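Participant: predicted model and sequence follow; I will ask about them next.
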Amino acid sequence: MPYVSIDQLKPGMVLATDVTDTSGRLLLSEGQSIAHKHVGIFKMWGVPEVQVQDAGKGGAEENHAVDPEATRRVAEMLKPAFSDNDLTHPAVAEIFRQAVIYRSRHAASHHRQGRIEPVKRPSSPITGIDMRKKIRSRDIKLPEIPSLIFKLNDTIADPFSSADDIAQVISKSPGLSALLLRIVNSAFYGFPSRIDSVTRAVTIIGSKEISALAVGITTMEIFRDIPKEVFDMQAFTHHSLACGVLARILAAGGNIRNTEQLFVSGLLHDIGRMVIFKYFPQEAGLMLSGVHDDKASLYDMEKIVMGFRHTDIAGDLFEQWKFPVALSQNVVYHHRPMAAQDPAKAAIIHLSDIIAHSLGEGKSGEWRVPGLDVAAWDKLRLSSQTLSTVIPQAIHHLGFLMTVFQSGA
């Protein structure tokens, strides 16, 4: 039975399956006829498409038809990127299927973003031990924001602080305030009425959630000036945001709390690579050229060139910045989630990263789709059918949020 995008629904179409929001709340039951008011409800709660009975009612199959030959070509092109995965595993098979469908439908516009031209190889690259020492001793701080974030954390920790007190701290950065309000007023949150002040956002969403968003947004700002010759940071932000969006929706679907922390964990999951691109561009060029020349994964090249990986750098950086341990664990262990203190949350970031790479949404420098940790997948207790709902929902939100982040630059 066909899936029909929300914009192409017509009154009288009949649902083939229940429609739920990201938290699993029922919006409309299977077998019910869709009315005009239902379309508005679906849009408000971020439902991108629904499954309907009988393709004849509205021509949904025609709207979503993909040339079989084009689909075959995309599938063959994508298989090498999945070489670290077992395509017979139900979750991997569904991710692969969704990626093929998405890439086939967007073949014309889904051009390769920001192909990396490696910089000149250094004549004598520093050793891994020396590089780790440099990262630990280098005064890498968030510009302008550290004092704001520390003040925000102190205010939140004060039991006598009000929502207005927290809002006043955030309002010290007008750009951050504006960006936060644009995000919380998007369909990503789906509130029925407009949130017109940071105070109201804190009251409705929560102080910890707003603080987490502020930290994530601000941290990304420090890396916007990385030269394009080293890496296309717009493409990198795109990938990071895709991971964050997927993490939040997967967490909601899996009834995992602190969805905002997971959104920020996804947004910052590759912060170690941003550190390398910004402060060690020659080593970055050496790794990226190895990816192109030898077809090795960037994750492997990090170990070869530096003696450690971007997740280790993230751990050093988060310790220096005194970020929450839970957020740090989600990021540091997203390639090996079962080693984390909370494997389920790290597994959310692990899975989100895999899906984001499979869809080709942005770039992290990695050409392979990271291998799925089967134990981590089992830990989440999700069904592969869940992915068929989560992935379209994430794509639906991603375009708008990319616009918000770019306009906030």
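Facilitator: Sure, I can see it.
Participant: neighbours around Ser33, how many?
Facilitator: Ser33 has 12 neighbours, counted by other Cβ atoms under 10 Å. Placement of C-beta: from N, CA and C, glycine included.
Participant: so how far is Gly31 from the residue nearest to it when sequence neighbours are not counted?
Facilitator: The shortest distance from Ser33 to any non-neighbouring residue, by Cβ to Cβ, 6 or more residues apart in numbering, is to Val14 (5.5 Å). Plainly put, Val14 is 7 Å away from Gly31 if you go by Cβ to Cβ, to the nearest Å.
Participant: count of neighbours near Thr71?
Facilitator: A count of nearby residues for Thr71, using other Cβ under 10 Å, gives 16.
Participant: Val169 against Thr155, yeah?
Facilitator: Yes: counting by Cβ atoms under 8 Å, Val169 does reach Thr155; the two are 5.4 Å apart.
Participant: more neighbours: which of the two?
Facilitator: Legend: neighbour count by other Cβ under 10 Å for Val169 and Thr155, higher for Val169 (22 against 19).
Participant: list the contacts for the more buried one?
Facilitator: Leu148, Lys151, Leu152, Thr155 (Cβ atoms under 8 Å, 6 or more residues apart in numbering).
Participant: tell me the pLDDT at it?
Facilitator: The confidence metric pLDDT takes the value 86 at Val169.
Participant: in a strand, it, correct?
Facilitator: No: Val169 is assigned helix when assessed by DSSP: H, G, I helix; E, B strand; the rest coil, not a strand.
Participant: that one: what's its closest spatial neighbour, skipping adjacent residues?
Facilitator: Closest to Val169 by Cβ to Cβ, 6+ apart is Leu152, at 4.8 Å.
Participant: which helix or strand contains that neighbour?
Facilitator: Under the criterion of DSSP states H and E, Leu152 resides in helix 145-157.
Participant: just checking, what packs against that helix?
Facilitator: Under the contact criterion of 3 or more Cβ pairs under 8 Å, 6 or more residues apart in numbering; DSSP states H and E, helix 145-157 touches helix 163-170, helix 207-221.
Participant: from Lys172, how far off is the residue nearest to Val169?
Facilitator: In terms of Cβ to Cβ, Leu152 sits 9 Å off from Lys172.
Participant: and if you look at Asp373?
Facilitator: 41 Å.
Participant: who has more neighbours, the two?
Facilitator: More crowded of Asp373 and Lys172, by other Cβ under 10 Å: Asp373, with 21 against 14.
Participant: need the contact list for Lys345.
Facilitator: Each residue near Lys345 by Cβ under 8 Å, 6+ apart is listed here: Ala251, Ile256, Asn258, Gln261, Leu262, Ser265, Ala326, Gln329, Asn330.
Participant: which residues touch Ile210?
Facilitator: Ile210 neighbours (Cβ under 8 Å, 6+ apart): Ile166, Ile170, Leu180, Val198, Ala201, Val202, Glu260.
Participant: just the pLDDT at the residue lying closest to Thr20 once chain neighbours are set aside, thanks.
Facilitator: Leaving aside its sequence neighbours, Thr20 sits nearest to Leu26 (Cβ to Cβ, 6+ apart; 5.6 Å). Listed pLDDT for Leu26 reads 73.
Participant: ok, Leu26 to Leu15 distance?
Facilitator: To Leu15, Leu26 is 11 Å away according to Cβ to Cβ.
Participant: neighbour-wise, which of the two wins?
Facilitator: Using other Cβ under 10 Å as the criterion, Leu26 and Leu15 rank with Leu15 on top: 20 against 10.
Participant: returning to what we had before: so the helix holding Leu152 versus helix 163-170, what angle?
Facilitator: 170 degrees (axes from the mean of the first three to the mean of the last three Cα atoms, to 10 degrees).
Participant: I'd like the numbering to begin with 50 instead of 1 from here.
Facilitator: Noted, 50 is the first residue going forward, which turns the last one into helix 194-206.
Participant: ranges for the helices of the stretch 150-299 of the chain?
Facilitator: Assigned by DSSP state H, counting those that start in this stretch, the helices in the stretch 150-299 of the chain fall at 177-186, 194-206, 212-219, 223-233, 247-254, 256-270, 282-302.
Participant: may I ask you to name the longest helix in this structure?
Facilitator: helix 433-456 (DSSP state H).
Participant: show me what that helix is packed up against.
Facilitator: Against helix 433-456 (3+ Cβ pairs under 8 Å, 6+ apart) you get helix 139-154, helix 223-233, helix 282-302, helix 392-408.
Participant: for the first one, what is the distance to the chain centroid?
Facilitator: For helix 139-154, the distance between its averaged C-alpha position and the chain's averaged C-alpha position is 17 Å (Cα atoms, centre = their mean, to the nearest Å).
Participant: could I get the buried residue list for that helix?
Facilitator: Buried residues in helix 139-154, counting neighbours by 16 or more other Cβ atoms under 10 Å, are found at 140-141, 143-154.
Participant: ok, now the second one?
Facilitator: When neighbours are counted by 16+ other Cβ under 10 Å, the buried residues of helix 223-233 are found to be Leu225, Ser226, Leu228, Leu229, Leu230, Arg231, Ile232, Val233.
Participant: if I pick the fourth one, what's in contact with it?
Facilitator: Pointing back at Leu229 there. For Leu229, the contact set (Cβ under 8 Å, 6+ apart) comprises Ile219, Val247, Ala250, Ile259, Leu262, Ala263, Ile266.
Participant: out of these, who has the most neighbours?
Facilitator: Within these, Ala250 tops the neighbour count with 27 neighbours, counted by other Cβ under 10 Å.
Participant: need the helix or strand of this structure with the lowest average pLDDT.
Facilitator: Within the chain, no helix or strand scores below helix 109-113, which has a mean of 41 by mean pLDDT, DSSP states H and E.
Participant: counting neighbours, what do you get for Glu351?
Facilitator: Residues lying near Glu351 (other Cβ under 10 Å) number 25.
Participant: number of nearby residues for the spatially closest residue to His287 that is not a sequence neighbour?
Facilitator: Take His287 and drop its neighbours on the chain: the residue closest to it by Cβ to Cβ, 6+ apart is Gly411, 2.8 Å away. Residues near Gly411, counting by other Cβ under 10 Å, number 22.
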